[in-house]
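1. 3D, please:
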Amino acid sequence: GVAGVHRGHFRDDEKERERCDLRQREQWIFAPPTWTDPPPPDMSPLSQHEEAWERFSALHICVDFHPTAFVDCRDVMGGSEVNAAEHGTWVTMIGVVTTSKRVSATTKTGTRAMCFATLEDASALVETVWFPDAYRHFGPTLETGQPLRIKGQVAIDFGQVSVSIQEAVAVPFAITGAPG
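-> Model prediction:
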């Protein structure tokens, strides 16, 4: 009697809940979405420089321009100008480290590290010498992977030009107008 009614009533409630769940699922499946798609990205054409920057940012190689095209190179000499400078001339240039070799130098105070590094810009390779004091202060900039803004004095020994580094700072890459 009473127990059967309760059981039947319970079964009816269970069936009703299943029907409601099914209706809710059908509404969710067949109802139009309540969200909207995001706006499309700006697809306006990029300049050659911007396109090269995008490629360089993603791949860390540059096939269209020299990497120094992506830094501010105003008020600096180009590598070819540095190589043509006279002995004793103070120069400032921006270049990318292509190779470096750390060596030990024997000084009055003992053995200290120094470095020879080759920097390049769009016009030439420049040999640099990082004597112990300069290497101790500025040597970590050689490992940044960024172009370096260096200041130093030109030395011409046995017909070979090199720059004795006095200051060096890493210059971050950034898109800057037209390459140059």
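2. next SSE downstream of the helix or strand hosting residue 91?
-> When secondary structure is defined using DSSP states H and E, the element that contains residue 91 is strand 90-107. In the C-terminal direction, the helix or strand that comes right after strand 90-107 (DSSP H and E) is strand 110-120.
3. rounded mean pLDDT for that next one, please.
-> Taken as a whole, strand 110-120 has an average pLDDT of 95.
4. cool, stretch 37-47 as well?
-> 84.
5. what about the helices in the protein?
-> If you assign secondary structure with DSSP state H, the helices in the chain sit at 2-30, 48-59, 79-84, 132-138.
6. what comes up buried for the shortest one?
-> It refers to helix 79-84. 79, 81, 82, 83 (16 or more other C-beta atoms under 10 Å). No exception for glycine: its C-beta is placed from N, CA and C like everyone else's.
7. Serialize these to TSV and add fields for pLDDT and distance to residue 66.
-> Putting these into TSV (pLDDT from 0 to 100; distance: C-beta to C-beta, whole Å) gives the following:
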residue	pLDDT	distance to residue 66
79	95	10
81	97	15
82	97	15
83	96	16
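8. tell me which of those residues is nearest to residue 35?
-> Checking the buried residues of helix 79-84 against residue 35 with C-beta to C-beta, the nearest one is residue 79 at 55.2 Å.
9. roughly how far apart are the closest one and residue 91?
-> Residue 79 sits 10 Å away from residue 91 when distances are taken as C-beta to C-beta, to the nearest Å.
10. then residue 135?
-> 18 Å.
11. between these two, who's got more neighbours?
-> Counted by other C-beta atoms under 10 Å, residue 135 and residue 91 do not tie: residue 135 has more neighbours, with 22 against 18.
12. right, and that one touches residue 113 too?
-> Yes - contact criterion C-beta atoms under 8 Å: residue 135 and residue 113 qualify, at 5.8 Å.
13. may I have the beta-bridge partners of residue 92?
-> residue 151 (DSSP bridges).
14. tell me the contacts of it?
-> The neighbours of residue 92, taking C-beta atoms under 8 Å, 6 or more residues apart in numbering as the test, are 75, 76, 77, 149, 150, 151.
15. wait, isn't the fifth one in contact with residue 93?
-> This points to residue 150. Yes - using C-beta under 8 Å as the test, residue 150 is close enough to residue 93 to be in contact (6.0 Å).
16. any common contacting residues for the two?
-> 119, 163.
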